[in-house]
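[1] Predicted model follows, preceded by the sequence.
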Amino acid sequence: MSGSSNSHSSTPFSPEPAVAAGSIDASETHSLTDIPPSDKPQALPNPDVVSPSFSIGRVRRAKSYRWNRERYSQRRRYVDIWTFVLRLLYAQWLYKKPWSYPTGATDAAKALRRRKLAVWIRETLLELGPTFIKVGQLFSTRADLFPSEFVEELSKLQDKVPAFSYEQVEAIIQRDLGKSIPELYLSFDPIPLAAASLGQVHRAQLHSGEEVVVKVQRPGLKRLFEIDLAILKGIAGYFQRHPSWGRGRDWLGIYDECCRILWEEIDYLNEGRNADTFRRNFRDQEWVQVPRVYWRYSSPRTLTLEYMPGIKISHYEALEAAGLDRKLLAQLGAKAYLHQLLNNGFFHADPHPGNIAVSLNGSLIFYDFGMMGQVQPATRERLMNTFFGIAQRDADRVVASLVELGALTETPDMGPVRRSIQYILDNLMDQPFESQSVTEISDDLYEIAYDQPFRFPATFTFVMRAFSTLEGVGKGLDPEFNFMEAAKPFAMQIMANGNSSDTNTFLSEISRQAAQVGSSALGLPRRLEDTLEKLERGDVRVRVRSQETDRALRRLSSINMGSHYALFAGAFSLSATILVVNNLVWLAAIVAAMAAIALIAWVRLMIKIDRADRMF
């Protein structure tokens, strides 16, 4: 740390450019962590805990991207984006064609192709730049729209991009804050601590002596967003009009939601407000620390925060070397998130290891408040209703609460959805609460949700993804950690609050059943009226299916098709004979080939009908 301080004092505003062709791994972004306080150099227990001057050594070569500039060509962006979309559409079309699989269209072959396509999508989104990196990260929460392979691969999307120059940093700060860097800061490191697609972070010191970090937005980002989002609106409209992809999906609504989240994330004043709110929510919890915002040195494109170093929560050896209890840290991580969600309703939507550090006294430090989630009181009540339905294995109650939450689209026939939920409940509740895994539960939900009327809101998927991430971090800290076990006290408290204060279990159950019967009786006239209205509108459909009838109809259809093939074969054979008689040999050969094709199709169809007859 002393080396870093000396560098600051001797050349506080060195004109050296930032590393133009390199950047720090984005998984390090915002942790700025692995750095002990300058007054405790003796606490350096491990190479993972280093000073900024040495952390710059982790800057590595990164690919140069065409979008990494201040000015953008709208025409070029249009070509690049639509080329990606058309290639994706072609890949999806090819995926459904059995002849495109050399070894046969087996489930394993299809899964392998989905995996390869997902990797290609992730890499191409990185090539397309900040807008698509963020859209990809948002889509990693939409398991109702994409297969699980796509969701899993998009969740790995990390932006490893070059830093922009120090001259550009100077220009942005001068333009936004109205003063030059020397007027605002006593020292300012020209080499960024971290660089990502939306911006980069520099270490600095105020004239009052406080150590800070300054987050500066990438130049031209707003213009790039305007161009890309205008093009994406056209793509969303195309998907909305598509006969199969547009059915049951609100692509334009998804586009509007993405726009809102993206514009909020590049507004650094909004991020500052989020940080202040998060800090207030934990003001009584000494085991959580949140950097303070310096509003005098902040604008929509620059954000100055308190320098709050710590050990990255996934650097397990460094934590042990510092004498910190890993098991306790795993419990604190779960406790902090449950506190955010259940007590405040305002939670960190991206709690990956790069955004959480640990101070030397064992407190958790949170960074990066650009993406936050909020659960309104009404939504929390509906979530509790869903929770009680799950606890009681009541599929009807779960379905009704999911419809109220907007997580499930009501269809004329809800039977298959209800049966799927009941199946999950029956299998899920057979296991002890503490032995269940958040990741397994969310995977089951996502498997059922894909291509079904489930429409998980962004808040719900942010929560599930955060739970899964924290469970993974917790298991890294403590192999015996289980998120559901850590959540058990909160669940018991919720159940206690939701139940009657009557301590007599028998009377409570009688009261609950009486209330349920009374509610059903009072709701019966309304339900009858709704049914009659649906009958009048023709919304009620009765489907009767007979396997024997279906089989007979399929056989009849196949025989009819066989008659067509036989007719074609006979007609082409007769035509070929007439052409041969008239010495038109080449033309006769072509017609004879067509007759042979029709004959082969007829033979294959007859074999298929014979096999079906033998089977039944």
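    It's in.

[2] separation between D613 and H202?
    Here D613 is placed at a distance of 77 Å from H202 (C-beta to C-beta, to the nearest Å). Any C-beta I mention is one placed from the backbone N, CA and C, and that applies to glycine too.

[3] Pick out whichever of these two has more residues nearby.
    H202 (26 against 10; other C-beta atoms under 10 Å).

[4] so the more buried one touches F188, yeah?
    Yes. Using C-beta atoms under 8 Å, H202 is in contact with F188, at 6.3 Å.

[5] Mind listing the shared neighbours of these two?
    Shared contacts of H202 and F188 (C-beta atoms under 8 Å, 6 or more residues apart in numbering): V214.

[6] If we ignore the residues flanking it in sequence, what's nearest V288?
    F282 (4.2 Å; C-beta to C-beta, 6 or more residues apart in numbering).

[7] what are the phi and psi values for V212?
    phi -140, psi 170 (degrees, to the nearest 10).

[8] so it touches T302, yeah?
    No. Using C-beta under 8 Å, V212 makes no contact with T302, being 11.3 Å away.

[9] intersection of neighbour lists for the two?
    With C-beta under 8 Å, 6+ apart, V212 and T302 have no common neighbours.

[10] residue ranges for the strands of this structure, please.
    Assigned by DSSP state E, the chain shows strands spanning 22-23, 60-61, 185-188, 194-195, 199-206, 211-217, 288-289, 302-306, 311-312, 346-348, 356-358, 364-366, 372-374.

[11] out of the ones you listed, nearest to V417?
    strand 372-374 (25.5 Å; C-beta to C-beta).

[12] So what touches that closest one?
    Contacts of strand 372-374 (C-beta under 8 Å, 6+ apart): 274, 278, 345-349, 458-459, 462-463.

[13] Farthest-apart pair in those, please.
    Maximum distance among these (C-beta to C-beta): 18.5 Å, for F278 and A458.

[14] Can you flag the weakest of the strands of the chain by average pLDDT?
    Of all those, strand 22-23 carries the lowest average pLDDT, namely a mean of 33.

[15] Pop the domain breakdown of this protein in here.
    The chain breaks down into these structural domains: 2-62+162-221+265-373, 74-160+222-264, 375-518, 550-615 (assignment by automatic domain parsing).

[16] Now render those domains as JSON lines, adding distance to P525.
    Conversion of the domains of the chain to JSON lines gives the following (distance: least, C-beta to C-beta, whole Å):
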{"stretch": "domain 2-62+162-221+265-373", "distance to P525": "36"}
{"stretch": "domain 74-160+222-264", "distance to P525": "32"}
{"stretch": "domain 375-518", "distance to P525": "13"}
{"stretch": "domain 550-615", "distance to P525": "39"}
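
[17] and of those domains, who's closest to E533?
    Closest among the domains of the chain, using C-beta to C-beta: domain 375-518, at 13.2 Å.

[18] so where's the stretch 451-600 of the chain uncertain?
    By pLDDT under 70, the weakly predicted segments of the stretch 451-600 of the chain are 451-461, 464, 484, 488, 490-524, 526-527, 530, 534-548, 550.

[19] show me where the stretch 451-600 of the chain has helices.
    458-477, 483-498, 505-537, 547-581, 585-615 (DSSP state H, counting those that start in this stretch).

[20] quick one, phi psi at the residue nearest to G345 when sequence neighbours are not counted?
    Once flanking residues are discounted, G345 sits nearest to V375: 4.2 Å by C-beta to C-beta, 6+ apart. Torsion angles at V375 (phi, psi; degrees, to the nearest 10) stand at phi -110, psi 110.

[21] So V375 versus A194, what's the distance?
    30 Å.

[22] who's more crowded, the two?
    A194 (25 against 20).

[23] That one bridge partners, please.
    Applying DSSP bridges to A194 yields these beta-bridge partners: V201.

[24] Next, count neighbours for K327.
    With other C-beta under 10 Å as criterion, K327 counts 13.

[25] how much space is there between it and L360?
    From K327 across to L360, the span is 18 Å (C-beta to C-beta).

[26] same question, N583
    99 Å.

[27] more crowded one of the two?
    L360 (17 against 7).

[28] ok, the more buried one touching A321?
    No. Applying C-beta under 8 Å, one finds L360 not in contact with A321, separated by 11.1 Å.

[29] For A486, give its distance to F467.
    10 Å.

[30] remind me which residues of the stretch 251-400 of the chain are low pLDDT?
    387, 391.

[31] ok, which stretches of it are helices?
    Going by DSSP H, counting those that start in this stretch, the stretch 251-400 of the chain shows helices at 251-265, 268-281, 316-321, 326-338, 377-391, 395-405.

[32] In a markdown table: the ones you listed, plus distance to P416.
    Listed next are the helices of the stretch 251-400 of the chain as a markdown table, based on distance: least, C-beta to C-beta, whole Å:
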| stretch | distance to P416 |
| --- | --- |
| helix 251-265 | 24 |
| helix 268-281 | 40 |
| helix 316-321 | 45 |
| helix 326-338 | 33 |
| helix 377-391 | 18 |
| helix 395-405 | 11 |
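
[33] I'd like the distance between V169 and V201.
    Distance from V169 to V201, by C-beta to C-beta: 11 Å.

[34] what residues are shared contacts of the two?
    The contact sets of V169 and V201 overlap at V216 (C-beta under 8 Å, 6+ apart).

[35] List the residues that contact the residue nearest to G345.
    With C-beta under 8 Å, 6+ apart, V375 has these contacts: 341, 345-347, 383, 459, 463.
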